[in-house]
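Below: sequence and its predicted model.
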Amino acid sequence: AVFYMLLALLVWMVILLHIRMLRYDFPAELYMVMACIVLGVFLLCMSVHLLTIYLSVELISLSSYMLVALSPKKKAAEGGIKYLLYGTVCSAVMLYGISLIYGITGTLRIADPALLGGLQLSGAPALYTVSFLFFAGLLFKLSVVPFHLWAPDVYEATPTPLVSFLSVIPKIGVILCFARLLEAFPEESLALLGGLCLISMTAGNAGALWQRNFRRLMAYSSVAQAGYLLVGLVVLSRTGFEATTFYLVVYLLLNMGVFLLADVILPRSETTLNDYAGLGKTHLLAAGSLTLAMVAFAGLPPTAGFTAKWLVFSALWESWQQAGAAWKLWLLVGGILNAGIALAYYLYLPYVLFFRQAEEVQPARIRYSGAAAGIIGALILLVFFRPELVLGWIGAL
């Protein structure tokens, strides 16, 4: 919990630096709302009771709705309303699932053996129903299919640093919460979650292929990446948990890096991908680091993204060899195929940056952009060549 809370704190600091670097003028209330979201993540990381999990998710959700709605953009109100409506439904479904769990098991404590025993005796139909209902609220924060419909509109309606913040900060608490919950639920529920992982990867990649708006593309990318994040958890082993934690660290680096570098190249813009045409030649360092980050998202060497995917797929392969569950093999094959499909849209932005004709109007120069781009690029390469620097911290948990 301490390790994950430190990750959340680091993310918060990086986003504040992003806001400072690009000179955004946000209302003072937004900074308090961001602090409430971080507090919710802290509470979620420490929660071992279903009701405290629900209350922590609600604190994150309500603060997120406010963060979107208070953003000084014309589309913010529309994005906030859609976010609120989807979130309210998922919250109600999650609370109903908690009530069913209590009715079946008589307890809400994750560590209580009665929780696992009661769900095992309930039968497959009841188990799958309860698991799906309860996981709905958590999957909504991860933007996993079918709880992802809010993501493209919210990403498009929110300023870039706030999108970067909302795209990563809830995932930190939810991933750790899932790691605890899956040990308290029968193994049959893992197949349901594994199926949602594969569907989320496929739907996210398919949706991203047709996007020409940068933020909407990153929204569908987050849907696909959420599926990869959960792959290591459905293995239900220490190796899988460590692989997922490593993937989460890499995802935080890549996602915040992409949004920051894209904002440096075209500050404060609602951009289509074609707006970046030719800008790689005038912003060589930032565009080079952005290209490296997109290559890492695709999972190609020599980047941290390749190492992250290698670890989660290795954990899944090892689990399939030991248990022989057919759905794990399908998840493995589907995940690898989806990684290949993702190349088509992850590499489109680098292509536009360096192989398209530049526009006449150039964006304003941002202070410290070269240093930020250099640090991001160096970290992406460093984690590939020296993954033990991260794995050593994770293994010490």
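Arrived safely. Numbering: from 1, shown residues only.

all contacts plus neighbour counts: C-alpha atoms, from now on.
OK.

where are the low-confidence patches of this structure?
72-74, 268-270, 358-367, 397 (pLDDT under 70).

Now the element after the helix or strand where residue 66 lies, going C-ward?
Secondary structure assigned from DSSP states H and E places residue 66 in helix 50-69. Toward the C-terminus, helix 50-69 is succeeded by helix 76-105 as the next helix or strand (DSSP H and E).

now that next one and helix 50-69, what's the angle there?
170 degrees (axes from the mean of the first three to the mean of the last three C-alpha atoms, to 10 degrees).

Let the chain start at 42 from now.
Got it, first residue is 42 now, which makes that one helix 117-146.

Could you name the helices and strands sitting against helix 117-146?
Helix 117-146 is packed against helix 91-110, helix 154-162, helix 165-183, helix 192-198, with contacts defined by 3 or more C-alpha pairs under 8 Å, 6 or more residues apart in numbering; DSSP states H and E.

which of the residues in that helix are buried?
Neighbour counts over helix 117-146 (16 or more other C-alpha atoms under 10 Å) mark 117-118, 120-125, 128-129, 131-132, 134-136, 138-143, 145-146 as buried.

hmm, back to that, name the residues that touch the helix holding residue 107?
Around helix 91-110, the neighbours that count as contacts under C-alpha atoms under 8 Å, 6 or more residues apart in numbering are 71, 74-75, 77-79, 81-82, 84-85, 88, 117-122, 124-125, 128, 132, 135-136, 139, 149-151, 178-179, 182, 195, 198-199, 203, 207, 211, 218.

Now for residue 46: which residues touch it?
Residues 82, 83, 86 are the ones in contact with residue 46 under the rule C-alpha under 8 Å, 6+ apart.

Considering those residues, which possesses the most neighbours?
residue 82 (26 neighbours; other C-alpha atoms under 10 Å).

just how off-centre is the helix or strand that contains that one within its chain?
In this structure, residue 82 is located in helix 69-87 according to DSSP H and E. Computed by C-alpha atoms, centre = their mean, to the nearest Å, the separation of helix 69-87 from the middle of its chain amounts to 17 Å.

Could you report the separation of residue 95 from residue 174?
To residue 174, residue 95 is 13 Å away according to C-alpha to C-alpha, to the nearest Å.

Over to residue 165?
14 Å.

Which one's more surrounded, those two?
residue 174 (22 against 14).

Identify the residues contacting residue 321.
327, 328, 329, 394, 395.

Let's verify it: helix, strand, or coil?
Secondary structure, DSSP: H, G, I helix; E, B strand; the rest coil: residue 321 is coil.

Phi first, then psi, for it.
phi -60, psi -30 (degrees, to the nearest 10).

next one: residue 111
Dihedral angles for residue 111 - degrees, to the nearest 10 - are phi -80, psi 0.

close enough to count as contact, it and residue 72?
No: using C-alpha atoms under 8 Å, residue 111 makes no contact with residue 72, being 10.9 Å away.

more neighbours, those two?
Using other C-alpha under 10 Å, the more surrounded residue of residue 111 and residue 72 is residue 111, with 18 against 13.

Give me the distance between the residue nearest to residue 224 when sequence neighbours are not counted and residue 182.
Nearest residue to residue 224 in three dimensions, chain neighbours excluded: residue 277, at 7.2 Å (C-alpha to C-alpha, 6 or more residues apart in numbering). Residue 277 is 21 Å from residue 182, where distance means C-alpha to C-alpha.

got it, and residue 250?
Distance from residue 250 to residue 182, by C-alpha to C-alpha: 23 Å.

With residue 56 instead?
Counting by C-alpha to C-alpha, the gap from residue 56 to residue 182 is 19 Å.

Can you tell me the element the closest residue in space to residue 49 that isn't next to it in sequence falls in?
Once flanking residues are discounted, residue 49 sits nearest to residue 210: 6.2 Å by C-alpha to C-alpha, 6+ apart. In the assignment (DSSP H and E), residue 210 maps to helix 201-225.

That helix vs helix 165-183, what angle?
Using the same axes, to 10 degrees: helix 201-225 against helix 165-183 is 160 degrees.

Tell me how many other residues crowd residue 233.
When neighbours are counted by other C-alpha under 10 Å, residue 233 comes out with 16.

Residue 434 now?
If you count neighbours by other C-alpha under 10 Å, residue 434 ends up with 12.

Can you tell me the SS state at it?
Relying on three-state DSSP, one would call residue 434 helix.

Tell me which of the helices and strands packed on helix 117-146 lies nearest to residue 428.
Among the helices and strands packed on helix 117-146, the nearest to residue 428 by C-alpha to C-alpha is helix 165-183 (25.1 Å).
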